[in-house]
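Colleague: Need the 3D shape of this:
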Amino acid sequence: MPHKPTDLPAIEWEDLRYFLHLVREKSLSGAARKLGTTQPTMSRRLELFERKLGAILFDRLPSGLRLSDTGRQILDYAERMEDAALAAQRIAVGSSAGLTGTVRVTSAEWLGARILSPLLAKFCAAHPTVTVELVTDAEALSLTRREIDVALRFGRFQQDGLMQRKIGNIPFELCAAAAYLRAKGPPDFSRGGAGAALITMNAALADSVAETKWLRRHLPQAHVGFCSNSRDGQAAAAAAGAGLVCIPTRLASAYPELRPVKTPAPVPSRELWLGFHRDTGKIPRVRGLVDFIAGEFRQFA
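Modeller: Next comes the predicted model:
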């Protein structure tokens, strides 16, 4: 006989919130740290939720938690409920606040330090009741889960529910320290850069970075002497004479030791995109900052 709605177990949002943290952290201890509780508490919450449902949600493995078949079926619905809860929260907060409160922004480290921070300082001076928190982290923070309010990325955003706009093209250039160029001379592009030393992104990022591909195409015989996922790290190494580097022109100008190097083809620029959740964009302080950043970046259009 089919269940009537009153026969179904009462699932509370807190049950699903704990469930989602367990899915993402894949362990009781990791989820406990995220939620500010203890591993025994997480274990009890999971056992009570499974008992309420009459189903096993996770397989307990030595390596951690793995979703069961039932858990995988529930996950989609739990994520939809999370999206709905966060949307309601964003609208509620936005309707009761003007240009006050905190806005969290994320960007690449060099962009945040060299370009974005001075611009955000102007915004803060104009809006003293707003606190802007800049997070420069390699880990991609989620706009949809409200871990961040505004994000700047080199490339389009792929998540659903986001608004985005291209706010500029960031020019790059090939450069090297004056001392390096005196010692080795400019690279011989006709010989594929044989004898030259390069500074590039780490191997894990090399295939996804346009300027690294450009270096491989135009200087295939050059030796990669230094790698870093930090743009400032690359620039500092180049300034110390480690080799040739493709970096943003704005960053190169911060290192007086560096000199531009003529190239047979332009170094590719990078598209800069600004993204925010469509619900978060209704909050005045977020919308105000989005419009401000977009306006300030017109110089890079």
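
Colleague: Tell me where the stretch 201-301 of the chain has strands.
Modeller: Ranges of strands in the stretch 201-301 of the chain, per DSSP state E, counting those that start in this stretch, are 223-227, 244-248, 258-260, 270-277.

Colleague: how about the shortest one: buried residues?
Modeller: By neighbour count, and taking 16 or more other Cβ atoms under 10 Å as the criterion, the buried residues in strand 258-260 are 258-259. In short, each C-beta sits where N, CA and C put it, glycine included.

Colleague: Pairing partners for that strand, with directions?
Modeller: Within its sheet, strand 258-260 is paired with strand 172-177 (antiparallel), according to DSSP bridges.

Colleague: ok, and what's touching the next helix or strand after the strand it pairs with?
Modeller: Sequence-wise, the next helix or strand downstream of strand 172-177 (DSSP states H and E) is helix 178-184. Contact partners of helix 178-184, identified using Cβ atoms under 8 Å, 6 or more residues apart in numbering, comprise 195-197, 238, 241-244, 257-259, 261.

Colleague: Distance from the chain centre to helix 178-184, please.
Modeller: Chain-centre distance of helix 178-184: 36 Å, with Cα atoms, centre = their mean, to the nearest Å.

Colleague: Also stretch 212-225?
Modeller: Distance, centroid of stretch 212-225 to centroid of chain: 27 Å (Cα atoms, centre = their mean).

Colleague: now the end-to-end length of that stretch.
Modeller: 13 Å (Cα to Cα, to the nearest Å).

Colleague: Buried residues of that stretch, list them for me.
Modeller: Within stretch 212-225, the residues that qualify as buried are 212, 214-215, 218-219, 222, 224, counting by 16+ other Cβ under 10 Å.

Colleague: List of residues touching it?
Modeller: Counting by Cβ under 8 Å, 6+ apart, 187, 189, 191-201, 205-207, 242-244, 246, 263-265, 267-268 sit against stretch 212-225.

Colleague: Of the contacts of helix 178-184, which count as buried by neighbour count?
Modeller: For those, a burial check counting by 16+ other Cβ under 10 Å picks out 196-197, 238, 241-244, 257-259, 261.

Colleague: Now residue 66. Its backbone dihedrals?
Modeller: Note on residue 66: backbone dihedrals following degrees, to the nearest 10 are phi -130, psi 130.

Colleague: can I assume it is in contact with residue 72?
Modeller: No: applying Cβ atoms under 8 Å, one finds residue 66 not in contact with residue 72, separated by 9.8 Å.

Colleague: what helix or strand is residue 33 on?
Modeller: Taking DSSP H and E as the criterion, residue 33 maps to helix 28-35.

Colleague: got any ranges where the chain has weak pLDDT?
Modeller: Applying pLDDT under 70 to the chain flags residues 1-10, 86-98, 137-146, 204-208, 300-301.

Colleague: repeat that for 80
Modeller: 1-11, 82-99, 137-147, 159-161, 203-208, 298-301 (pLDDT under 80).

Colleague: Which residue ranges of it form helices?
Modeller: 13-25, 28-35, 39-53, 69-96, 109-111, 117-126, 178-184, 203-206, 210-218, 231-239, 249-252, 284-296 (DSSP state H).

Colleague: quick one on the thing from earlier: the buried residues of stretch 212-225 into TSV, with extra columns for distance to residue 252?
Modeller: TSV is the format used below for those (distance: Cβ to Cβ, whole Å):
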residue	distance to residue 252
212	16
214	15
215	15
218	18
219	18
222	19
224	19
